[in-house]
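> here are the coordinates; sequence isn't available:
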């Protein structure tokens with residue numbers, strides 16, 4: 001994760017996948033909630049995909065809307081991932097975390113996946 005001068009976060013996720021048996025069709029999906037409940041107020045966060053690769057090569061992707069966010073579809077119906085290990089990298093930008101009234105409050109990073117583990121302090 002990289003914090004830009006304007007406060008935006010640029011995040012690169014590395015997702016390791018082991019394809020077993022036949023080739024994997026249609027790739028993988030990543031869901032990103034966009035409603036931020038800071039201070040009890042729901043605010044829409046901005047999310048922009050910058051790049052997607054599989055094994056270091058550009059991978060097709062598209063974004064569709066969800067009730068409370070977006071889903072990134074990585075791969076396509078015409079793209080097959082053969083059996084074996086594969087590494088996907090997804091780079092995206094999101095707007096700055098909401099400001100806290102505490103002067104020395106740390107930024108809290110909550111990974112944007114379903115059933116996320118406890119937040120990490122940065």
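Thanks, I have the structure now. Computed from a prediction, not measured in an experiment: that's the story for all the values here. Numbers count the residues shown, from 1 in each chain.

> okay but residue 70 is in contact with residue 34, surely?
Yes - using CB atoms under 8 Å, residue 70 is in contact with residue 34, at 6.3 Å. C-beta coordinates here come from the backbone N, C-alpha and C atoms, glycine included.

> which neighbours do the two share?
Shared contacts of residue 70 and residue 34, defined by CB atoms under 8 Å, 6 or more residues apart in numbering, comprise residue 47.

> What average pLDDT does stretch 79-96 get?
Averaged across stretch 79-96, pLDDT comes to 87.

> Same question for that stretch: list its buried residues.
Residues of stretch 79-96 classed as buried: 81, 86, 88-90, 92, 94-95 (neighbour count, 16 or more other CB atoms under 10 Å).

> so residue 15 sits in a helix?
No - going by DSSP: H, G, I helix; E, B strand; the rest coil, the assignment for residue 15 is strand, not a helix.

> nearest residue to it other than its sequence neighbours?
Among residues not flanking residue 15 along the chain, residue 88 sits closest, at 4.4 Å (CB to CB, 6 or more residues apart in numbering).
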